[in-house]
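[1] need a structure here:
(one chain, ligands or ions: 1)
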Amino acid sequence: MPQVEVADLRKRYPKAEQDAVAGVSFTVAAGEVFGLLGPNGAGKTTTVGVLTTRARPTAGTARVAGVDVVRDPVRARGVLAVVPQRNNLDRSLTVRENLLFHAAYHGVPRAEARRRADALLDEFGLAERAGDKPDRFSGGQAQRMMIARALMHDPRVLFLDEPSTGLDPAARLFVWERVRALRERGVTVLLTTHDMAEATELADRVGIMDRGRLLALDAPDALVRALPGEETLDLAVDDPPPHLVDDLAALARVMRVEPRDGAVRLWVDGPATELLAPAAAAVAAGGATLTDVSLGRKDLEDVFIELTGRALR
Ligand SMILES: Nc1ncnc2c1ncn2[C@@H]1O[C@H](COP(=O)(O)OP(=O)(O)OP(=O)(O)O)[C@@H](O)[C@H]1O
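    Now for the predicted structure:
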């Protein structure tokens, strides 16, 4: 049985002129990590809001672990857990008390709750902080604690809203490791992110959303493989003349030229190394200076550009 089922989901907020979610359908299998990817305002948080009973859909159905979240929100909240973007820990309680309070709210017997709290505090590297209040926690510690808290009632499906936004690289890696461990344990994970690396690293499949719609849904590498060509050449150029993009696009085997993180990215048909010399010559002929060059492969951001004609960030 799929652990998340969304069918023809639509959500229009009161007084809004457009649907925030405009007819989205997908399923997530048990033990799968599924990423919802898209720019700000794409409708990711709203989709998750419906699935986690925080928002009522305008139309369509949504089930989590077989429970219809609209008809039976109380039961749904028992089988799912949410880690929100913002820190919503209780600052007046200690770390351990935050976990135990969450468990009590969900009706977990006290002895079992204490056992789970000890195990989760260990797993999330928080055992030494168990008696502290979380008001001076770093972003990474707070995030770890929110995930541990979410797991206290043993949910079937965990929703993570931008799990590593604002975290330093080490904290980000720690969260990624925990997510992989959850998958091993059979917990289904649905995460939202703008972060291509995060989606590529973690998700078995991703749904790419924009303007309330799902534009594509597949494994990250399958989406990338479906793009024309494979290799890329990124050129950083000082003072690029306005015609540079056209000049580069006119070179043989250049399939597309896209602005990318302050550089231009050429999509190349065949080996990108062979384009180094002609591309450098085109830049020089335009009177500009090449400051950096890198060869690479297409990624999810290229998929997004192909689908929407614009960059994700
Ligand atoms: N409570 C609300 N009331 C009215 N409009 C809303 C509300 N929440 C979101 N919206 C609108 O719905 C659309 C989808 O927003 P949503 O937050 O779901 O997107 P998102 O993909 O999660 O974006 P982000 O990455 O910024 O979190 C946006 O146009 C947003 O302005």
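
[2] okay, CA-based contacts and neighbour counts for the rest of this
    OK.

[3] Okay, whichever residue of the stretch 201-313 of the chain sits closest to the ligand and Lys15: tell me how far apart.
    Among the residues of the stretch 201-313 of the chain, Gly212 lies closest to the ligand, at 6.8 Å counting by C-alpha to the nearest ligand atom. Shown here: Gly212 relative to Lys15, a distance of 16 Å by C-alpha to C-alpha, to the nearest Å.

[4] The two: which is more packed in?
    Comparing Gly212 with Lys15 by other C-alpha atoms under 10 Å, the one with more neighbours is Gly212, at 24 against 6.

[5] For that one, list the residues it contacts.
    By C-alpha atoms under 8 Å, 6 or more residues apart in numbering, Gly212 lies in contact with 19-24, 42-44.

[6] Could you measure from the residue lying closest to Arg211 once chain neighbours are set aside over to Leu307?
    Of all residues not flanking Arg211 in the chain, Ala42 sits nearest, at 4.7 Å (C-alpha to C-alpha, 6 or more residues apart in numbering). Per C-alpha to C-alpha, Ala42 is found 14 Å from Leu307.

[7] Tell me which of the two has more neighbours.
    Using other C-alpha under 10 Å, the more surrounded residue of Ala42 and Leu307 is Ala42, with 20 against 14.

[8] before we move on, back to that, go over the secondary structure and confirm the residue nearest to Arg211 is in a helix.
    No: counting by DSSP: H, G, I helix; E, B strand; the rest coil, Ala42 is located in no helix; its state is coil.

[9] Please enumerate the strands of this protein.
    Using DSSP state E, the strands of the chain run over 4-11, 21-28, 33-37, 59-64, 67-68, 80-83, 157-161, 188-193, 205-210, 213-218, 231-238, 254-260, 263-268, 289-297.

[10] now for the fourth one, which elements pack on it?
    In other words, strand 59-64. Strand 59-64 is packed against strand 4-11, helix 44-51, with contacts defined by 3 or more C-alpha pairs under 8 Å, 6 or more residues apart in numbering; DSSP states H and E.

[11] wait, what's in contact with the residue nearest to Leu37 when sequence neighbours are not counted?
    If the residues on either side of it in the chain are set aside, Leu37 comes closest to Ile208, at 4.8 Å by C-alpha to C-alpha, 6+ apart. Ile208 sits next to 36-38, 214-217, 304 when contact means C-alpha under 8 Å, 6+ apart.

[12] try it again with 10 Å
    Ile208 makes contact with 35-39, 42, 44, 194, 214-218, 300, 303-304, 307, according to C-alpha atoms under 10 Å, 6 or more residues apart in numbering.

[13] in stretch 18-28, what's buried?
    19-25, 27-28 (16 or more other C-alpha atoms under 10 Å).

[14] ok, and of these, which contact the ligand?
    Ala20 (C-alpha under 6 Å from any ligand atom).

[15] out of the buried residues of stretch 18-28, who's nearest the ligand?
    Ala20 (4.1 Å).

[16] Test my guess that that closest one contacts Asn40.
    No: under the criterion of C-alpha atoms under 10 Å, Ala20 is not in contact with Asn40, lying 11.4 Å apart.

[17] Please enumerate the shared neighbours of these two.
    210-211.

[18] In PDB, list the C-alpha atoms belonging to stretch 45-56.
    Provided in PDB are the C-alpha atoms of stretch 45-56 (Å, rounded to 0.1, in the frame of the first residue of the first chain):
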ATOM      1  CA  THR A  45       4.300  23.700   1.600                       C
ATOM      2  CA  THR A  46       0.600  23.900   0.800                       C
ATOM      3  CA  THR A  47       0.700  20.300  -0.500                       C
ATOM      4  CA  VAL A  48       2.400  19.200   2.700                       C
ATOM      5  CA  GLY A  49       0.000  21.400   4.700                       C
ATOM      6  CA  VAL A  50      -2.900  19.400   3.400                       C
ATOM      7  CA  LEU A  51      -1.200  16.000   3.900                       C
ATOM      8  CA  THR A  52      -0.400  17.000   7.500                       C
ATOM      9  CA  THR A  53      -4.000  18.300   8.200                       C
ATOM     10  CA  ARG A  54      -2.800  21.900   8.600                       C
ATOM     11  CA  ALA A  55      -4.700  23.100   5.500                       C
ATOM     12  CA  ARG A  56      -8.000  21.900   4.000                       C
END
